[in-house]
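Q: build the 3D model from these lines:
(chains A and B, ligands or ions: 3)
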Amino acid sequence: MSVSRRGFLKSVVGGSVALGAASLTKEAKASKKELPPDAVGILYDSNLCIGCQSCMVACKRANNMPVEHTGDQKTWDNPIDLSGKTLNIIKMYKKGDKFAFIKRQCMHCLEPACAAACPVTALHKDEKTGIVTYDPSACIGCRYCEVACPYDIPKFEWDSPFPQIRKCQLCNHLLEKGEYAACCAVCPTGASLFGPVEKLRKEAQRRMLMKPGEYYEFPVNHIESGKTRVHKAKPYINHIYGLDELGGSQCMILAGVEFDKLGLPDVRRQSYVSDLEGVSKGLYKYVVYPVAALGGLVYLVKKRGVHD
Amino acid sequence: MSEARPLSSRVITVPFILGVIVILLAGIFLLKRFIYGLGSVSGMNDGYPWGLWIAYDVNVGTAFACGGYAMAILIYIFNKGEYTPLLKPAILTSMLGYTLAAVSIFFDIGRYWNMFNIFMPWHMNFHSPMLEVAVCIASYVVVLWIEFSPVLVKNPGVRRMLKVEDIEEKLNKVLFIFVALGMLLPTMHQSSLGTLMILAGHKLSPLYWSKLLPLFFLICAIMMGYCIVIFETSVSGVAFKNTHEFKLLTKLSGVIPWLIGIFLIMRIQDINARGALSQIFKGDLPGNMFLIETFLLLIGLIILWKPENRTNVKKVFIAAFCVLLGAGLYRFDTYICGFNPGNGWHYFPTAPELIITFGVISVEILGYLYVVKRFPVLALPSKNK
Ligand code: SF4
Ligand code: SF4
Ligand code: SF4
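A: Ligands and ions are numbered 1, 2, ... in the order given. This next block holds a predicted model:
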């Protein structure tokens, strides 16, 4: 019955090597997640954004969010980052005389890490629209979603005795009323554009092919609104951020400045959610393994007798 | 011969009173936390949503509390009955450690009044390692209290309170199920504490992020379980002048170098497989912490490798101490020092946050002292020898 120690050691180390190798091959063939049937999202184009922050005001109003003061002034809403009070923010990147704006909000990932993390399904990806919503009545406030979100989106109300998690829910409550994302509805230039993800992807690809300096029509507010503006195309970084990042997301970003300079992490294609699923499914095969293990343990303890 | 009996010495001592003062201070800050929110007492923020309480109280604390689990594995799975005298004190520290980890979770989570949602099937997310950690830790606390209850009911006062005459026999009939659960549940949640950080993804340094996190955390827990038994037995042996169990430590310490060896080989091999070895010497925080952890574990390994060192209580103690520090740091760093959300976020625990943790540790120590003085836990030389 006795397994020699050396043999045991070898098999453990060998096992780890095999596991590592298996994980490597799996990483290579990361499959692309399918879109939910009525997936909606936002295409944000940094090149079109003029930094007017109308979207920030509209977002606060549409979601009943409080004003946030930074520094000494107590008059204006001037958050410096997303927070328990701010679901959407326009930030500016500046270097020399080069500058660019960036809008940060929930990406509505196709494999949302926040929802995979949440123990009580307070964060949930809608099967139809793919919007990742939050239900405070379920949430226990463990903040695992904050740790898990690769884009640092969910925020917590640190100064409240009855805190909630706050994040953009793509104005889900407006969709029910036949309206759509407040930030896009007010955007004067079309920088924030709402619509079905399929159409937004095509639009993003179209912009990738534009010749800098030439004039093009850009849809505004809602991609199906029919409204357009004419802008002179600026050079784009040849990458649609959010198309492939970590399994892809329903919000996408275009920019003329490298994305990591805009505070967007340079991440791999395969999501960490798929790693987690691999590990937990492999280990637990739902409940079969633990139950079998318990049976074995009960047998052993009975055989050996309870020591005290 | 030896028998388990209470150490009949005074409970109220100077360290006891100091401990009570720390606990009271911690209580005041906890009150503040419940009135003004978590931000009013802790340094946690939206970049580092988990701080000292999760990283130390829960992650390191429950690993320190794995003595009962680690000893049970040795006794029941490897059939080493001779370690039985070490089991009971180990279960006591486990019981206290886990209970306080559960208390820490309670004051750490923001919406504690919703806590019972983790037991509601319609809320449960079975893919979430957090669900498993929460449910397993909660059930393991109950299991530990039941496992320890035969000792508690030996106290006449407790027995009078319960008003059940044959409680001991009744307990003995069902105990085996709880002993078995006491081995399954820690295996599950100690590994899941590692699985949790898989989702931290790119925010976790490549020196710490790994798909093998669950395995690493489990090995650490077992390793720390044995070391805490050694640590505790030597400290209480010296403090209570009970050197009776020292010879068992010699044998027990022989297991540890193997665990350290397996852990280090696998961890370094795993980092290598991901091509991140160069990160070790980058001189940044994760790299330096990796070096410190590895150094501490290596000291433990080198000391305990030589059989003659294992007969020297002092050397065994030093080795166990280094391993506890090294492995504890590993678990802490996976949550704090190896974690970097970017965008300029940083975290350092505030004084109230630290005091609350000291309060938790004080409750543990005072609880231990009280129980061993009033209940038959430690195996002491027989009186009639
Ligand atoms: S961006 Fe973060 S919060 Fe939004 S869906 Fe993805 S993981 Fe969740
Ligand atoms: S804080 Fe709330 S929403 Fe976030 S993971 Fe925990 S329970 Fe879920
Ligand atoms: S979709 Fe709604 S909640 Fe999200 S950023 Fe825009 S306005 Fe704010």
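Q: for the rest of this, base every contact and every neighbour count on C-alpha atoms.
A: Will do.
Q: which SS class is the residue in the stretch 201-308 of chain A that ligand 2 sits nearest to?
A: Minimum separation of the stretch 201-308 of chain A from ligand 2 (CA to the nearest ligand atom) falls at residue A:273, amounting to 13.9 Å. Under DSSP: H, G, I helix; E, B strand; the rest coil, residue A:273 falls in the helix class.
Q: was I right to think it contacts residue A:115?
A: No. With contact defined as CA atoms under 8 Å, residue A:273 does not reach residue A:115; the gap is 9.5 Å.
Q: list the contacts for the residue of the stretch 201-308 of chain A closest to ligand 2?
A: Counting by CA atoms under 8 Å, 6 or more residues apart in numbering or on different chains, residue A:273 makes contact with A:111, A:112, A:113, A:116, B:199.
Q: now these as TSV including pLDDT?
A: Formatted as TSV, the contacts of residue A:273 follow (pLDDT from 0 to 100):
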residue	pLDDT
A:111	96
A:112	97
A:113	96
A:116	95
B:199	96
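Q: low pLDDT regions in the stretch 101-250 of chain B?
A: B:163-165, B:244 (pLDDT under 70).
Q: tell me which stretches of it form strands.
A: In the stretch 101-250 of chain B, no segments count as strands under DSSP state E, counting those that start in this stretch.
Q: for ligand 3, what's its nearest residue on the stretch 201-308 of chain A.
A: Scanning the stretch 201-308 of chain A for proximity to ligand 3 using CA to the nearest ligand atom identifies residue A:251 as nearest, at 9.8 Å.
Q: just give me the neighbour total for that residue.
A: Residue A:251: 26 surrounding residues under other CA atoms under 10 Å in any protein chain shown.
Q: burial check on residue A:194, number of neighbours?
A: Neighbours of residue A:194 (other CA under 10 Å): 29.
Q: by contact count, what packs against the one helix or strand it maps to?
A: According to DSSP states H and E, residue A:194 maps onto strand A:192-196. Helices and strands touching strand A:192-196, by 3 or more CA pairs under 8 Å, 6 or more residues apart in numbering or on different chains; DSSP states H and E, are strand A:40-45, helix A:182-186.
Q: quick one: average confidence on the last one?
A: Looking back up the chat, that one is helix A:182-186. For helix A:182-186, mean pLDDT is 96.
Q: can you list contacts of that helix?
A: A:42, A:54-56, A:58-59, A:62, A:171, A:190, A:192-194, A:221-222.
Q: distance from it to the middle of the chain?
A: 20 Å (CA atoms, centre = their mean, to the nearest Å).
Q: could you do the longest one as well?
A: When C-alpha coordinates are averaged (CA atoms, centre = their mean), strand A:40-45 and its chain have centres 13 Å apart.
Q: relative to strand A:192-196, how tilted is that strand?
A: 150 degrees (axes from the mean of the first three to the mean of the last three CA atoms, to 10 degrees).
Q: for the longest helix seen in chain B, buried residues please.
A: Secondary structure of chain B per DSSP state H: the longest helix is helix B:167-195. The neighbour-count criterion (16 or more other CA atoms under 10 Å in any protein chain shown) identifies B:175-195 as the buried residues of helix B:167-195.
Q: now swap in stretch A:62-79 and tell me
A: Judged by neighbour count (16+ other CA under 10 Å), stretch A:62-79 contains these buried residues: A:63, A:67, A:68, A:77, A:78, A:79.
Q: need the contact partners of the helix or strand hosting residue A:292.
A: In this assignment (DSSP H and E), residue A:292 forms part of helix A:288-304. Applying CA under 8 Å, 6+ apart, the contact partners of helix A:288-304 are A:283, A:284, B:76, B:77, B:79, B:176, B:177, B:179, B:180, B:181, B:183, B:184.
Q: what is the longest helix of chain B packed up against?
A: Looks like helix B:167-195 contacts helix A:288-304, helix B:67-72, helix B:129-152, helix B:213-239 (3+ CA pairs under 8 Å, 6+ apart).
Q: nearest to residue B:53, out of the ones you listed?
A: helix B:129-152 (14.8 Å; CA to CA).
Q: so the closest one, near chain A or not?
A: Yes. With CA under 8 Å from any CA of the partner chain as the criterion, chain A is reached by helix B:129-152 at B:129, B:130, B:131.
Q: cool, and stretch B:304-319?
A: No. Stretch B:304-319 stays clear of chain A (CA under 8 Å from any CA), getting no nearer than 14.7 Å.
Q: ok, is stretch A:90-109 in contact with chain B or not?
A: No. Using CA under 8 Å from any CA, we find that stretch A:90-109 stays clear of chain B, coming within 12.2 Å at best.
Q: report the distance from that stretch to the chain centre.
A: 16 Å.
Q: hey, where'd the strands end up in the stretch 1-150 of chain A?
A: Using DSSP E, counting those that start in this stretch, strands in the stretch 1-150 of chain A cover A:40-45, A:89-95, A:98-104, A:123-125, A:132-134.
Q: ranking those by burial, who's on top?
A: strand A:40-45 (a mean of 26; mean count of other CA atoms under 10 Å in any protein chain shown).
Q: and residue B:9, what does it touch?
A: residue B:373.
Q: what pLDDT does it get?
A: Listed pLDDT for residue B:9 reads 73.
Q: how close does it sit to residue B:150?
A: Distance of residue B:9 to residue B:150, computed by CA to CA, to the nearest Å: 22 Å.
Q: likewise for residue B:211?
A: Distance from residue B:211 to residue B:150, by CA to CA: 40 Å.
Q: the more surrounded of these two?
A: It is residue B:211, of residue B:211 and residue B:150, that has more neighbours when counted by other CA under 10 Å, with 22 against 18.
Q: out of everything not next to it in sequence, what's closest to the more buried one?
A: Leaving out its chain neighbours, the residue that sits closest to residue B:211 by CA to CA, 6 or more residues apart in numbering or on different chains is residue B:198, at 6.6 Å.
Q: one more: residue B:349?
A: Nearest to residue B:349 is residue B:43, by CA to CA, 6+ apart, at 5.1 Å.
Q: the one you found falls within a helix, correct?
A: No. According to three-state DSSP, residue B:43 belongs to no helix; its state is coil.
Q: burial count for the residue in chain B that ligand 3 sits nearest to?
A: Among the residues of chain B, residue B:46 lies nearest to ligand 3; the distance is 17.9 Å by CA to the nearest ligand atom. Residues lying near residue B:46 (other CA under 10 Å) number 23.
Q: that one is in contact with residue A:82, isn't it?
A: No. Counting by CA under 8 Å, residue B:46 stays clear of residue A:82, with 9.0 Å between them.
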